[in-house]
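In: model the following, please.
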Amino acid sequence: MSEIDNQPNLLNQALVDFLDLYGPGEADRNAAIDLLSEIIPRHMLASGDSRFGLDWRKKTEVFDFLKRPILGALSPTYVSTTDSSARHLALKGDNLEIMKILEKGYFGKIKMIYMNPPFNIGGELIFDDSDGYLDRYESYISDSGSPLNNVSIDAGASHSKWLNAQYPRLFLARNLLRNDGVIFVSIDDHEFHHLRMIMDEIFGEENFVASFIWEKRYSPPPDTKDVGYVHENVLCYRRSDEFQAGLLPMTDAQSGRYKNPDRDPRGPWKAADYTCRYTAKERPNLYYEITQPNTGERRFPKKTRVWACSESEHIKNVEEGRLWWGKDETNPVPAKKKYLFEIRQGAMPKTILEHDVVGHTDEATKELREHVPNLKLSGKPSRLIKHLLSIANAGNNDIVLDCHAGTGATVEAIFSLESEGENAPQFILIEFPQWLPEFDGHLFDALENRIESCRSKYKREDDCVKYLHLKRSNFRVWRGKVGAESEVSEQLELHVQHVSPESTSEELLIELISKAGFSLTTEVERIELIGKQVFSIEGGAMLICLEKEITSDLIDALAEAEPLQVICLDEAFQNNDQLKANAVQTFKARAQTEESEIVFKTV
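Out: Numbers count the residues shown, from 1 in each chain. Below you'll find the model as predicted:
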């Protein structure tokens, strides 16, 4: 990157650190350099290197949030059916930490992301991401009466704080998207202009798709003073130019325009103008004589509006019977038949999302009350989410991530599509367990109620939903910033046995699967090797042994299974370094014999 070659070595090191997060791809070069300038202290950049962009107080903190180690892990709550092979995920906790956990297993795999962040207008949860965040989170969820400001920054008080909260989440969202993926973010006018600028910075201006305007009310609210506010914005960005917007289902009115008055065996068609806007002088090749087949009349087009196709194409249209000469077949100028079966069926998305097409807030409230009658919240209508799913082209083999799942409009949209026989995607929902006194429960509880109610309503009982919640990691995290020598000694002592004694084997398994880069719905099978329980991941691609004691025979059995990766607990070797060294050599020798590679790790 020649743009930084002339900078001090510290800048080059900063770039290396940054690319560990952002990815070293050639296509990301300009964006990486652009964002790196936010990490580098201003006085280290030449005056000519200033750039266009949005700046705010403590902007560089967002990269601290991204670079710090993951302190949390996802722990199983339960699976909604007896079948353990869940298709959908519902994750309880802070979405920033959870998205960081998901990043390794879902990097570049998400087809569509929907975000409905706090609008920064007051009274909302904007999670405090500063140091000590996990301690505050654990304290909050352990006490139902804990005030929201114990874990939240003051909404509406600062644009800078709001931007610092949204930037890292959008940054991670970009990493999770597939190259043909797309993100939709709902926002009102209060922070719309700021959101647009940081999304330009993260996704690139060239990847802006549209700013949709959702007509969320059919009339202005009664307390309107000046202008009736009846809309909300939905910003849309793609991951790259590989994204192609899908067409929306045709309405009855649209498909009704195609008829078949002459009983054409090719089916319904619509008449199209046979002339175009060019003059004979501009398009002389489109100015020629045609013959009316039923009257024998010969005719040229007007010199100010010539035929819409070349003469050779006209001859082909005549031969194939694609011209319509009117009901009595005597019209002097034909129309061309545009057949329904030949078009890419569907309607092109428009930037105006009218409430009679995608629903409004009243409809959303009624939908919610059907599933959670004692909760009074205004969410999004499921028709709006279905509309966005159509634009995203999200189908059966795709994954949709809702980072602010709220009361579950995405759930209703996807289960509704499945019940209609449509190819609906897998969903991953994330929601914070915010305490709702009037509901006498957490927001995530309401989401869970709606998920299970929708499974019943749409007869999706066979669709497994795996519920996981955020907790502290099962492994002690090394703290890089320590002061006195005694603190270093204390850390070393703690890491002799760095696996939490309270952790269950299932909790350890899920965290290890996630850290190894597998999805949370990946296939897991319990197998037995010489009387010991082993977890086989993705048909034996990875073996995880959580037994408290490892023997040479077990090591041999693991190697004979010929996995690509093996993970064991370090404590299982019981300080026997010779046994661990033998294990390394056993896997190495087996891999050489099979001309493959077995990665062996202890945790």
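In: tell me if I'm right that Val62 and Pro168 touch.
Out: Yes - under the criterion of C-beta atoms under 8 Å, Val62 makes contact with Pro168 at 4.8 Å. To be clear about C-beta, it is placed using only N, CA and C from the backbone, and glycine gets the same treatment.
In: got the domain ranges for the chain?
Out: As assigned by automatic domain parsing, the chain contains the domains 2-51, 72-223+355-472, 252-342, 485-602.
In: and these, which is most packed in?
Out: Each of the domains of the chain was scored by mean neighbour count; the highest is domain 72-223+355-472, a mean of 19, by mean count of other C-beta atoms under 10 Å.
In: so who does His231 touch?
Out: When contacts are counted by C-beta atoms under 8 Å, 6 or more residues apart in numbering, His231 touches 213-217.
In: what residue ranges in the stretch 251-400 of the chain score low on pLDDT?
Out: Where the stretch 251-400 of the chain drops to pLDDT under 70, the residues are 344-345.
In: go again with 80.
Out: For the stretch 251-400 of the chain, residues meeting the criterion pLDDT under 80 lie at 251-254, 343-347.
In: ok, which stretches of it are strands?
Out: Here the stretch 251-400 of the chain has its strands, by DSSP state E, counting those that start in this stretch, at 269-273, 290-291, 298-299, 323-324, 335-339, 352-353, 399-402.
In: middle-most residue in this structure, spatially?
Out: Nearest to the mean C-alpha position of the chain, by C-alpha atoms, centre = their mean, lies Ile113 at 2.7 Å.
In: wait, doesn't that one sit right on Arg178?
Out: No - using C-beta under 8 Å, Ile113 is not in contact with Arg178, being 10.3 Å away.
In: what about the stretch 1-150 of the chain, any weak spots by pLDDT?
Out: Looking at the stretch 1-150 of the chain by pLDDT under 80, you get 1-53, 79-85, 144-146.
In: helices along that one, start to end?
Out: Counting by DSSP state H, counting those that start in this stretch, the stretch 1-150 of the chain has helices at residues 2-5, 9-22, 29-36, 61-67, 95-106, 133-142.
In: right, and the helix or strand after whatever helix or strand Ala591 lives in?
Out: In the assignment (DSSP states H and E), Ala591 maps to helix 577-593. Toward the C-terminus, helix 577-593 is succeeded by strand 599-602 as the next helix or strand (DSSP H and E).
In: what is that next one packed up against?
Out: strand 565-568, helix 577-593 (3 or more C-beta pairs under 8 Å, 6 or more residues apart in numbering; DSSP states H and E).
In: farthest residue from the center of the chain?
Out: Distance from the C-alpha centroid of the chain, by C-alpha atoms, centre = their mean, peaks at Gly296 (61.8 Å).
In: any idea how far that one is from Glu319?
Out: For Gly296, the distance to Glu319 equals 18 Å [C-beta to C-beta, to the nearest Å].
In: Ser152 now?
Out: Remark: distance between Ser152 and Glu319 (C-beta to C-beta) = 71 Å.
In: now do Ser416
Out: 47 Å.
In: could you do Lys376 as well?
Out: Distance check for Lys376 against Glu319: by C-beta to C-beta, it reads 66 Å.
In: and for Asp180?
Out: 40 Å.
In: for Ile428, same thing?
Out: For Ile428 relative to Glu319 (C-beta to C-beta), the value is 54 Å.
In: tell me where the stretch 451-600 of the chain has strands.
Out: For the stretch 451-600 of the chain, strands defined by DSSP E, counting those that start in this stretch occupy the ranges 465-472, 524-529, 532-537, 542-545, 565-568, 599-602.
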